[in-house]
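Chemist: next one to model:
(2 chains)
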Amino acid sequence: MIPAEAAGLDVRIRKRFATGFALEAEFHAGPGFTILFGPSGSGKTTLLECVAGLQTPNAGRVALGPRVLFDSERNISVPVRERAIGYLFQSLALFPHLTVAENVAYGLAHRPADERRARVKEILESFRVAHLVARKPGAISGGERQRVALARSVVTDPALLLLDEPLSALDAIVKSKIIDDLRAWNASRNIPIVYVTHSPAEAFALGERIIVLESGGVLAQGSPQEVLAAPRHETVAQLAGFENIFDATVTAILEDHGTMRCRLGSSALELEVPLLWTEPGSVTRVAIRAGDILVATTRPEGISARNTFQGRLISLERRGVTVIATVDAGVRFEVHLTPSAIQSLRLEAGQQVWLIVKTYSCHLVAG
Amino acid sequence: MNWPAITLSLRLALTVAALLLIVGTPIAYWVTFSRWRWKFLAEAVVALPLVLPPTVLGFYVLVAIGPRSPFGRWYESWSGHGLPFTFEGLVLASVIYSLPFAVQPTAAAFALVDPSLINASAILGASRWRTFHRVILPLSAGGVMTGVILSFAHTLGEFGVVLMVGGNIPGATQTISIAVFDQVQDLDFVAANHTALLLLAFSFVTLSVTYALNRRIWAVWPMHR
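Modeler: Alright, predicted model coming up:
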């Protein structure tokens, strides 16, 4: 029943809308988790719906291993109900008038009654919601509803699982427990699981492979490391955890240094950043990780970093093992420090500090 | 009390309500889910009895079922008697006349079913028919029930169409509303008042039950809007 070597998902589709929005995406999702990351409105849900058959692309091909689900050239479009795909809707879409057991059994209609009962029992146990069988979705908690919906979407043994931001409403602990159960379930099956999210943290926590989608197109794909190694795009930059992203105007090209100077926002502050073949006056964006910025209490000397500038420490906020400092240097910088650094420097809100940023910590990203 | 008219009215209204449940539900489904670009024309036709004078509708139904129309001729050769001025003719005319009262609440309820539930059903391998009777219909029970009761009540109270198509034959086509008209024409106001009061009370009770029932149905399914 379950193929030992689960088939990968191959997608190459184009879908245009009357609104002018166009989705054009090509990707491969092998067994295991693939994260589809992108801001809202980037076309993530549309992409999933095209794969599931809930929407019909204008052109392209969707295949699950050797099984072609959609092919515009060969005029193939397998109906939704025959695609054998698991789909977890953002709204969960549990049938409110049916009990948990009836919801989960819904996709097993054509199986014999005793097999149906056994499978429902088994899957509810593996997702730890067996005690809820007789309840209706309106009478259980949000986390339980997620588990029931997940159980319902996998009980049919789908060859592919699509998850549309299913856990966005849950807190991190509940979420990671559900994900663990899903991983355990998939350990023996090894089917592709495409997981849609707009949360960078979630993308990082889950991702064996990340596909970054923006404005209907795939910006980058690969392992998290590959995708993040060269964040040339703002969406990727946010994904990579670039807390500081500034609009910048190029003021001077320093060709022999391999750098250029950029003025940040409307401030007077200028930074030396890696050279991009451009002209003075052109506009770009500079992204800097909060952890890549150094703080000094006196003017640093004898240092290789090209950017040292003064600012006022506005606030210090401890979050876990990190202290988030906000520094006003014409524009506001978020700087991450360790509590011991705060202690030894005796940093306090209101004082003047020096910030140090290496040229190569300044990443230029497309807006 | 004119018992033959009362039982005739009840028999007519029950038959029409039952037929409209069978006919109106698929029409409501189609009106809600069809993506046909000329659908609005069909919607307008279904809603036509709401605005048309009953005499106009009755006139055309009469012509359509009369012995000169192909349908009328076919019916007569099939059943051995004509449709005008018979109970069957009355049923047909009433079904058309009350169609919007069955279709509109049902279609409105269908449209309120969360589309993601319908998608989820398809994803889980269900056919359209299974999606309809396992998801859409149970979640629209209140609307379907409203449609049945409204078509029942509306048929009970109709006058113009009945007069045009059925005439005024006691025991065969004379309904309560026509009996009242007859009694008033005969200046028998006491009898007219009794019959009218009965119809008024019955209609009020029917509608009260509908609204009370609907409230209860929503409370049973709190997740349904």
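Chemist: quick one, phi psi at residue A:32?
Modeler: Torsion angles at residue A:32 (phi, psi; degrees, to the nearest 10) stand at phi 90, psi -170.
Chemist: residue B:124 too?
Modeler: phi -80, psi 10.
Chemist: tell me, how many residues neighbour it?
Modeler: Per other C-beta atoms under 10 Å in any protein chain shown, the neighbour tally for residue B:124 reads 28. From N, CA and C alone the C-beta is placed, and that goes for glycine too.
Chemist: neighbours of the closest residue to it other than its chain neighbours, how many?
Modeler: Setting aside the residues directly before and after it, residue B:124 is nearest to residue A:107 in space (C-beta to C-beta, 6 or more residues apart in numbering or on different chains), at 3.5 Å. Residues near residue A:107, counting by other C-beta under 10 Å, number 26.
Chemist: wait, residue A:107 sits on residue B:120?
Modeler: No. Using C-beta atoms under 8 Å, residue A:107 is not in contact with residue B:120, being 9.3 Å away.
Chemist: re earlier: confidence score at the residue nearest to residue B:124?
Modeler: Note for residue A:107: predicted pLDDT of 94.
Chemist: likewise for the one 4 residues further on?
Modeler: The predicted local confidence for residue A:111 comes out at a pLDDT of 91.
Chemist: quick check: the closest residue to it other than its chain neighbours vs residue A:107, distance?
Modeler: Once flanking residues are discounted, residue A:111 sits nearest to residue A:119: 7.3 Å by C-beta to C-beta, 6+ apart. As judged by C-beta to C-beta, to the nearest Å, residue A:119 and residue A:107 stand 10 Å apart.
Chemist: mutual contacts of the two, please.
Modeler: residue A:155 (C-beta atoms under 8 Å, 6 or more residues apart in numbering or on different chains).
Chemist: would you mind measuring from the closest residue to residue B:167 other than its chain neighbours to residue A:136?
Modeler: Leaving aside its chain neighbours, residue B:167 sits nearest to residue B:85 (4.6 Å; criterion: C-beta to C-beta, 6+ apart). Distance check for residue B:85 against residue A:136: by C-beta to C-beta, it reads 53 Å.
Chemist: on the three-state scheme, residue B:170 is what?
Modeler: coil (DSSP: H, G, I helix; E, B strand; the rest coil).
Chemist: how about it, phi and psi?
Modeler: Main-chain torsions, residue B:170, degrees, to the nearest 10: phi -50, psi 130.
Chemist: re earlier: the residue nearest to residue A:111: which element?
Modeler: Assigned by DSSP states H and E, residue A:119 falls within helix A:113-126.
Chemist: packing partners of that helix?
Modeler: Packing partners of helix A:113-126 (3 or more C-beta pairs under 8 Å, 6 or more residues apart in numbering or on different chains; DSSP states H and E): helix A:100-105, helix A:142-154, helix A:172-187.
Chemist: helix, strand or coil for the residue nearest to residue B:167?
Modeler: coil.
Chemist: surely it is in contact with residue B:166?
Modeler: Yes. When contacts are counted by C-beta under 8 Å, residue B:85 is listed as touching residue B:166 (6.0 Å).
Chemist: shared neighbours of those two, anything?
Modeler: Joint contacts of residue B:85 and residue B:166 (C-beta under 8 Å, 6+ apart) are B:172-173.
Chemist: now residue B:191: closest residue in space, sequence neighbours ignored.
Modeler: Closest residue to residue B:191 apart from its sequence neighbours, by C-beta to C-beta, 6+ apart: residue B:183 at 4.6 Å.
Chemist: tell me which parts of chain B are close to chain A?
Modeler: B:114, B:116-117, B:119-127, B:130, B:134-135, B:138-139, B:221-224 (C-beta under 8 Å from any C-beta of the partner chain).
Chemist: so which of those are in helices?
Modeler: Among the residues of chain B next to chain A, the members falling in helices (DSSP state H) are B:116-117, B:119-123, B:130, B:138-139.
Chemist: do stretch A:156-168 and chain B meet at all?
Modeler: Yes. Using C-beta under 8 Å from any C-beta, stretch A:156-168 reaches chain B at residue A:156.
Chemist: buried residues in that stretch?
Modeler: Of the residues in stretch A:156-168, A:156, A:158-167 count as buried by neighbour count, 16 or more other C-beta atoms under 10 Å in any protein chain shown.
Chemist: could you do stretch A:131-147 as well?
Modeler: A:132-133, A:136-137, A:140, A:143-147.
Chemist: can you check stretch A:337-344 too?
Modeler: Quick answer for stretch A:337-344 (16+ other C-beta under 10 Å): A:337, A:342.
Chemist: quick revisit: now find how far off-centre the helix holding residue A:119 is within its chain.
Modeler: 33 Å (C-alpha atoms, centre = their mean, to the nearest Å).
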